[in-house]
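In: Below is the structure, and that's it, no one-letter string:
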């Protein structure tokens, strides 16, 4: 005779298809990088609901389209016209394939002006009510005339466009010229979570220089995407590090990139402004 099989109560059963994303507020580790990204920060505090076996936000994240627009290549700040010395690096043969391009962009982010930008963005975001010190400091943190132009003109363009199209941010009533990372940090303050602003800015910066490398070396579009994919863990890591950094931790160790920028000022033929 067969014995009766007791079915465990629902609370003790294992779900046949576990939710692929953790619940709201959980932390997920990026395997192999040691970088933790707060899902609650990226979700804007919204909950998650089931759609079949997949998870989807139960309500939209209102700041995400704004951030994507501000950091899009189509936002009219002229980012496509700057290479941050990369044009000379290609001319000299120092950057000649996707691996050397990856090293160049990673150095900007981790030890050059990219790192300075991220720390300035954090300081601007945190001091949006009284940003004068950060605004003044940002004007001093460029090693060459061309990179100062790069930061200043993109900041002025971002300021003008954002005031006109996205009123209501902390940059509405600022008359002082702003460096680009300070303009972005102030605009994001009170609107976009800091972690998301940092990650988006670092990724946009890397993508812009990879795009310049595709045109200069030249590289195929697929190799350009391979380069950007290889940079992804380093982008996440430097954004996480910058979130905890103080203003007195600003500094650069990318002397050769500054030299490339200086040499670019007198380069015979040029496609880019820096």
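Out: Now that the structure is in, tell me what you want to look at. Nothing here was measured: the structure is a model prediction, and the numbers come from that model.
In: what about the helices in the protein?
Out: Applying DSSP state H to the chain gives helices spanning 39-43, 64-70, 86-92, 98-111, 113-126, 132-140, 145-165, 180-188, 194-216, 221-243, 255-264.
In: out of these, deepest packed?
Out: Most buried of those by mean neighbour count (mean count of other CB atoms under 10 Å) is helix 180-188; its value is a mean of 29. Where C-beta positions appear, they are placed from N, C-alpha and C, glycine not excepted.
In: what's the angle between that helix and helix 194-216?
Out: If you take axes from the mean of the first three to the mean of the last three CA atoms, to 10 degrees, helix 180-188 sits at 140 degrees to helix 194-216.
In: how about the helices of the chain in a markdown table, adding distance to residue 172 and mean pLDDT?
Out: Shown next, in a markdown table, are the helices of the chain (distance: least, CB to CB, whole Å; pLDDT from 0 to 100):
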| stretch | distance to residue 172 | mean pLDDT |
| --- | --- | --- |
| helix 39-43 | 25 | 41 |
| helix 64-70 | 15 | 96 |
| helix 86-92 | 34 | 95 |
| helix 98-111 | 30 | 96 |
| helix 113-126 | 14 | 96 |
| helix 132-140 | 15 | 90 |
| helix 145-165 | 6 | 94 |
| helix 180-188 | 9 | 97 |
| helix 194-216 | 18 | 97 |
| helix 221-243 | 25 | 97 |
| helix 255-264 | 33 | 91 |
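In: of these, which approaches residue 79 most closely?
Out: Nearest to residue 79 among the helices of the chain is helix 194-216; the distance by CB to CB comes to 4.9 Å.
In: And the closest one, what does it pack against?
Out: Judged by 3 or more CB pairs under 8 Å, 6 or more residues apart in numbering; DSSP states H and E, helix 194-216 is in contact with strand 35-38, helix 39-43, helix 64-70, helix 86-92, helix 98-111, helix 113-126, helix 180-188, helix 221-243.
In: mind running it again at 6 Å?
Out: Identification of packing neighbours for helix 194-216 by 3 or more CB pairs under 6 Å, 6 or more residues apart in numbering; DSSP states H and E yields helix 86-92, helix 98-111, helix 113-126, helix 221-243.
In: Among the helices of the chain, which comes closest to residue 77?
Out: Closest approach to residue 77 among these is made by helix 145-165 (4.1 Å; CB to CB).
In: any idea how far the closest one is from the chain center?
Out: A distance of 17 Å separates the centroid of the chain from that of helix 145-165, by CA atoms, centre = their mean, to the nearest Å.
In: Name the residues that touch that helix?
Out: For helix 145-165, contacts defined as CB atoms under 6 Å, 6 or more residues apart in numbering pick out 76-78, 82, 113, 142, 171, 178-180, 183, 187, 261, 265, 274.
In: 8 Å - rerun?
Out: With contacts defined as CB atoms under 8 Å, 6 or more residues apart in numbering, helix 145-165 is touched by 70, 75-79, 82, 84-85, 113, 117, 138-139, 142, 169, 171-172, 174, 177-184, 187, 258, 261-262, 264-265, 273-274.
In: Could you do stretch 94-108 as well?
Out: The list of residues contacting stretch 94-108 from outside it, by CB under 8 Å, 6+ apart, reads 84, 86, 89-90, 114, 205-206, 209-210, 213, 216-217, 219, 223-224, 226-227, 230-231, 234, 254, 256-257, 260.
In: ditto for stretch 119-135
Out: Stretch 119-135 has contacts (CB under 8 Å, 6+ apart) with 137-138, 141, 170, 174, 176, 178-179, 181-186, 188-190, 194, 197-198, 201, 242-243, 245-247, 249-250.
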